[in-house]
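Colleague: dropping a prediction and its sequence here:
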Amino acid sequence: MNSNEGLCTPVEASQILGVTTHTLAVWRCEKRYNLPYVKVGRLVRYRRSDITDFIERSLQTDPAACSFQA
């Protein structure tokens, strides 16, 4: 980790990702998504680079993958 890289609180991470802090807690608990986090005691933090990597890995570029049923 770059020493200049900041850590995000769950509130900040949820704002970046557009989900609630509860959703992040569920993801952590159920290991639903590979979004690394740092835990010290009861504090949870996310590295900004991990959030960016998570977004990049989640990027969908295949329009056929989005199908709507009428």
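Modeller: Good, I have the coordinates.

Colleague: same for the longest strand anywhere in the chain, what does it pack against?
Modeller: With DSSP state E applied, the strand covering the greatest number of residues in the chain is identified as strand 43-47. Judged by 3 or more C-beta pairs under 8 Å, 6 or more residues apart in numbering; DSSP states H and E, strand 43-47 is in contact with strand 7-8, helix 10-17, strand 38-40. Bear in mind the C-beta positions are built from the backbone N, C-alpha and C, glycine included.

Colleague: now with 6 Å?
Modeller: Using 3 or more C-beta pairs under 6 Å, 6 or more residues apart in numbering; DSSP states H and E as the contact test, no helix or strand touches strand 43-47.

Colleague: may I have that strand exported as CSV, CA atoms only?
Modeller: Presented in CSV, the C-alpha positions along strand 43-47 are these (Å, rounded to 0.1, in the frame of the first residue of the first chain):
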residue,chain,number,x,y,z
LEU,A,43,-13.1,-0.2,12.8
VAL,A,44,-13.5,-1.1,9.1
ARG,A,45,-11.7,0.9,6.4
TYR,A,46,-11.3,0.5,2.6
ARG,A,47,-8.3,1.4,0.6
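
Colleague: list the buried residues for stretch 33-44?
Modeller: Of all the residues in stretch 33-44, those buried under the rule 16 or more other C-beta atoms under 10 Å are 35, 37, 44.
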